[in-house]
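A.B. asks: quick one: sequence and predicted model below, then my questions.
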Amino acid sequence: MAKKNNIPEVDILIDEEAGVIREVHPYDEAINKARHMRSKKGHERRVNASIYAVLIIMSIIWLCPFVFLVLQSFRGESGGQVAYVLPKQWTLDNYAFLFEGVGFSLQLLVKDAVAIIVTALTNLAGILGIVACLRRKQKNPLEKNKSNLKLALLVFAVMMLINFMRAVDSTNCNFVRWFINTLTIALFCSVIQTIMVLSVSYSLSRIRFKGRKLIMNVVLVLGMFPGFLTMIVLYYLLSTLGLTQAGAVPGLILISCASSGMGYYISKGFFDTIPKSLDESARIDGATRSQVFLKIIMPMAKPIVIYTILMAFMGPWGDYVFASYVAFGNPSGYNVAVGLYRWVNTNDYAAAGGMFTKFCAGGVLVAIPITALFIALQKYYVEGVTGGAVKG
């Protein structure tokens with residue numbers, strides 16, 4: 001029998017630039033492809049490692065001031081700013097100093113809070129009992145009457161807030177008063193601004209009316225001018241209304257909410273991504289504009305709603321310029337930013353009895369709520385930004 005010749009198969013590769021014809025073995029080509037893939041993956045790993053290293057370094061640099069603030073808030077030795085980072089003596093006196101004079105108010109708060117809780121639970125039980133008697137056929141009256149439960153809980157929360165504010169008014173603790181002022185401004189602004197921004201955004205996104213483009217262009221141009229240009233005029237207006245110094249809290253709420261509708265851009269972009277066919281279908285079925293907005297659009301716009309609330313809350317929380325300008329030297333109208341700055345500005349923070357460590361403790365307590373809120377709502381924050389960053 002004739003012996004079969006094993007002739008390897010080859011591919012012909014024409015190199016036009018060199019003017020030659022080359023023979024390439026399939027096995028060699030596979031090896032070259034594998035090497036190329038390995039080198040490409042290695043290059044990607046090196047690039048990713050470099051990016052991660054840069055991000056880690058930037059994160060460390062960004063976190064260094066906060067870490068220094070936390071460590072200095074536990075420092076027990078006297079003096080202002082020091083050359084070392086780790087405290088030689090660890091103590092909680094700086095945090096205790098922030099709440100001096102609040103003991104009686106806390107006792108009053110706890111006493112009244114117990115009475116409010118008992119009253120609220122009694123009223124809630126009465127409401128649920130009445131509902132159960134009226135609707136005995138329902139197996140779960142609590143599930144069928146969520147609106148009554150939500151109303152009772154809302155009344156209970158408002159009563160607790162009013163009681164807490166009354167307890168704070170009777171205390172001599174400046175930090176607690178400043179913290180409550182800041183929290184009050186932030187809560188009111190988050191609710192009012194959210195309503196105004198979402199209403200304006202929905203109107204400009206869904207309703208076509210004469211002058212719509214003109215309004216959007218005018219608002220865009222006005223938004224290019226900083227608000228500091230109107231500080232003198234705003235102060236005189238607020239002073240005429242009695243909303244400065246001791247009345248700085250409602251004055252700051254008015255300033256923050258007055259022009260909040262101009263920040264509709266991201267919310268409008270998010271509403272533009274929701275199909276208009278849903279609105280048209282609901283309108284054909286007899287729904288009004290308000291019903292479409294509240295029952296169809298709002299449940300689908302949860303990310304942008306939470307994003308708007310978060311942004312409206314964070315703005316007044318760290319405000320210093322307008323807050324210091326409107327309060328104008330009256331400690332009862334300060335927020336935490338102005339109050340803590342006054343501590344280190346009016347006192348020698350480098351001296352033995354300075355307020356620098358107290359300032360650090362106050363900064364840590366102020367940073368905790370907003371940090372926790374941002375971490376909890378980070379998912380919706382990213383969805384709201386990415387969903388609203390479209391051309392409308």
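C.D. replies: That came through fine. Residues are numbered from 1 along each chain as shown.

A.B. asks: and after the lengthiest helix in the chain, which helix or strand comes next?
C.D. replies: In the chain, assigned by DSSP state H, the helix with the most residues is helix 26-73. Using DSSP states H and E, the helix or strand that follows helix 26-73 in sequence is helix 93-98.

A.B. asks: which parts of that next one are buried?
C.D. replies: Of the residues in helix 93-98, 94-95, 98 count as buried by neighbour count, 16 or more other Cβ atoms under 10 Å. All C-beta spots, glycine's among them, are computed from the backbone N, C-alpha and C.

A.B. asks: repeat that for stretch 252-271.
C.D. replies: For stretch 252-271, using 16+ other Cβ under 10 Å, the buried residues are 252-257, 260-261, 263-271.

A.B. asks: which ones among those lie within helices?
C.D. replies: 252-257, 265-271.

A.B. asks: want to throw those into a markdown table with distance to Tyr307?
C.D. replies: Formatted as a markdown table, those follow (distance: Cβ to Cβ, whole Å):
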| residue | distance to Tyr307 |
| --- | --- |
| Leu252 | 22 |
| Ile253 | 21 |
| Leu254 | 23 |
| Ile255 | 22 |
| Ser256 | 17 |
| Cys257 | 17 |
| Tyr265 | 12 |
| Ile266 | 7 |
| Ser267 | 8 |
| Lys268 | 13 |
| Gly269 | 11 |
| Phe270 | 8 |
| Phe271 | 13 |
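
A.B. asks: ok, of those, which one's closest to Pro316?
C.D. replies: Ser256 (5.5 Å; Cβ to Cβ).

A.B. asks: what is the burial count for the spatially closest residue to the closest one that is not a sequence neighbour?
C.D. replies: Residue nearest to Ser256 in three dimensions, not counting chain neighbours: Cys189, with 4.6 Å by Cβ to Cβ, 6 or more residues apart in numbering. Using other Cβ atoms under 10 Å, Cys189 has 26 neighbouring residues.

A.B. asks: which of the helices or strands spans Cys189?
C.D. replies: Per DSSP H and E: helix 174-206 holds Cys189.

A.B. asks: wouldn't the residue nearest to Ser256 be in contact with Met314 here?
C.D. replies: No. With contact defined as Cβ atoms under 8 Å, Cys189 does not reach Met314; the gap is 9.8 Å.

A.B. asks: which residue is the nearest non-sequential neighbour of Lys88?
C.D. replies: Among residues not flanking Lys88 along the chain, Glu77 sits closest, at 5.5 Å (Cβ to Cβ, 6+ apart).

A.B. asks: what is the burial count for that neighbour?
C.D. replies: When neighbours are counted by other Cβ under 10 Å, Glu77 registers 13.

A.B. asks: where in the stretch 1-150 of the chain is pLDDT low?
C.D. replies: Filtered on pLDDT under 70, the stretch 1-150 of the chain yields the residue ranges 1-38, 79, 101-150.

A.B. asks: now the stretch 201-350 of the chain
C.D. replies: Scanning the stretch 201-350 of the chain for pLDDT under 70 picks out the ranges 346-350.

A.B. asks: can we see that at 90?
C.D. replies: Low-confidence segments of the stretch 201-350 of the chain, defined by pLDDT under 90: 201-335, 337-350.

A.B. asks: quick one: the helices in the stretch 201-350 of the chain?
C.D. replies: Using DSSP state H, counting those that start in this stretch, the helices found in the stretch 201-350 of the chain span residues 212-222, 231-241, 248-258, 265-273, 276-284, 289-292, 298-300, 302-317, 321-327, 336-346.

A.B. asks: and the last one, what does it pack onto?
C.D. replies: Helix 336-346 is packed against helix 174-206, helix 321-327, helix 356-376, with contacts defined by 3 or more Cβ pairs under 8 Å, 6 or more residues apart in numbering; DSSP states H and E.

A.B. asks: would you reformat these as CSV and include distance to Gln291?
C.D. replies: Formatted as CSV, the entries for the helices and strands packed on helix 336-346 read as follows, by distance: least, Cβ to Cβ, whole Å:
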stretch, distance to Gln291
helix 174-206, 13
helix 321-327, 38
helix 356-376, 31
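
A.B. asks: ok, back up a step: can you list phi and psi of the residue nearest to Lys88 for me?
C.D. replies: Here is the backbone geometry of Glu77 (degrees, to the nearest 10): phi -70, psi 150.

A.B. asks: equivalent analysis for the one 10 residues further on, please.
C.D. replies: Summarising the backbone geometry of Pro87 under the convention degrees, to the nearest 10, its torsions are phi -70, psi 150.
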